[in-house]
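**Student:** Quick one, structure for this:
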Amino acid sequence: MTIKQIQVLAVATLLFFSSGTIAKKPDNSYSDKLSPFPLGSSILVLPINTNQLLQGMEKKDIEVEMFKQLKATGAVPKKGNITNSEDRFDYFLLTSVRAFGDPKVDLAKQKFVSGVAGSFDLVIIPSVYETQGFMDGEFISFDGARIRVSSVEGRTGNWRGSQRGLSLRYEVYSNDGAWLMTLQGGIAMPRIATFATKEFNRKEYLFKKSYDRKYLAKGVKIVTKPLKKKLKFK
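**Tutor:** Residues are numbered from 1 along each chain as shown. Okay, here's the model as predicted:
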C-alpha cells in the first residue's frame, strides 16, 4: 500500500468514527395504510405523559411549541382533557415509557383512542421520555437532534461517551383507533455539566436559556415534519 493510499484510508477511518457527531434519524415507524388528510383536519391532542421527567412550566413550554407547529401543518389541533380520575390513571399507565412497544398495550391504546376520538379526524398521544445519546465534546446527539451541553464553568469539555437526553414522542391514530405512526425527536439535554468534577446535575429549568428554547423548537419540528409530510394536509 502506498503512502497516498494510507493517507486516504486514515481520512476515511476518521470520518467513519467521527460520524457520532451527526445525530442519527429517529427510529420512526409508519402504518402501511396512510392516506392524505384535507386542510383543516381536526386533531385531538391528549394530555402529555411526562413520565415524571418535567416540572410544571417545562411541560407548558413543550405544549405551546407543539400546538404552534401542529397549527402550521394546516391541521386544527385541540387540547384534550381526561377529567375522570380512574380514566386518567389508566391513560397514564397505557402511555408510560414502560409500555412502549408492548403489543397488548398497543391494542388497549387503540381501543382507548376510538372511545375518546369523537368527531376528530386524528388523535395524538404525546409523551416525553429519556433516551441514550452520544456526547462528543460540547454536543449530545440523539433522536435526530444535536444539542449543546451547558456547563457551570461556562466552558466546554472534550468528553466522548453516553449521556441521556429528553425526547418528544407522538403516537398518531385515526378516529377509529387505527395506529398511523410513531414519531420521535430530541428536545432537551436535561443536565448541566461540571467538567472539573465530571458530574452532571439536573437543570433547575430546562428552557431558561434562549438556545435551549431554540433546541426545543427544533426538536418539535423533528417530530412534526414527518407527520405533515406523510399525512399531506392539503
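
**Student:** quick one: residue 205 from residue 39, how far?
**Tutor:** Noted for residue 205: a distance of 37 Å to residue 39, by C-beta to C-beta, to the nearest Å. In this view, the C-beta of every residue, glycine as well, is placed from N, C-alpha and C.

**Student:** Residue 153 too?
**Tutor:** To residue 39, residue 153 is 50 Å away according to C-beta to C-beta.

**Student:** what does residue 151 give?
**Tutor:** Taken as C-beta to C-beta, the span from residue 151 to residue 39 is 45 Å.

**Student:** the helices in the protein, which residues?
**Tutor:** Applying DSSP state H to the chain gives helices spanning 3-17, 56-72, 85-94, 103-116, 210-231.

**Student:** Check residue 230 and give its pLDDT.
**Tutor:** Residue-level confidence at residue 230 comes out at 93, pLDDT.

**Student:** nearest spatial neighbour of it, skipping sequence neighbours?
**Tutor:** Leaving out its chain neighbours, the residue that sits closest to residue 230 by C-beta to C-beta, 6 or more residues apart in numbering is residue 34, at 5.4 Å.

**Student:** re earlier: of residue 151 and residue 39, which one has the most company?
**Tutor:** A direct count of neighbours by other C-beta atoms under 10 Å for residue 151 and residue 39 places residue 151 higher, at 16 against 11.

**Student:** got the contact list for the more buried one?
**Tutor:** 157, 192, 193, 194, 195 (C-beta atoms under 8 Å, 6 or more residues apart in numbering).

**Student:** TSV for those, including neighbour count and pLDDT?
**Tutor:** Putting these into TSV (neighbours: other C-beta atoms under 10 Å; pLDDT from 0 to 100) gives the following:
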residue	neighbour count	pLDDT
157	16	62
192	15	90
193	24	87
194	14	84
195	16	76
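
**Student:** separation between the residue positioned nearest the centre of the chain and residue 203?
**Tutor:** For the chain, residue 168 is the residue whose C-alpha lies nearest the centre (C-alpha atoms, centre = their mean; 2.4 Å). Distance of residue 168 to residue 203, given as C-beta to C-beta: 17 Å.

**Student:** picking up where we left off before, find the pair from the contacts of residue 151 with maximum spatial separation.
**Tutor:** Greatest spatial distance among the contacts of residue 151 (C-beta to C-beta): 157 and 192, at 11.9 Å.

**Student:** shared neighbours of these two, which are they?
**Tutor:** The contact sets of residue 157 and residue 192 overlap at 149, 151 (C-beta under 8 Å, 6+ apart).

**Student:** residue ranges with poor pLDDT in the chain?
**Tutor:** 1-23, 154-158 (pLDDT under 70).

**Student:** how many other residues sit next to the closest residue to residue 170 other than its chain neighbours?
**Tutor:** Nearest residue to residue 170 in three dimensions, chain neighbours excluded: residue 183, at 4.6 Å (C-beta to C-beta, 6+ apart). Per other C-beta under 10 Å, the neighbour tally for residue 183 reads 26.
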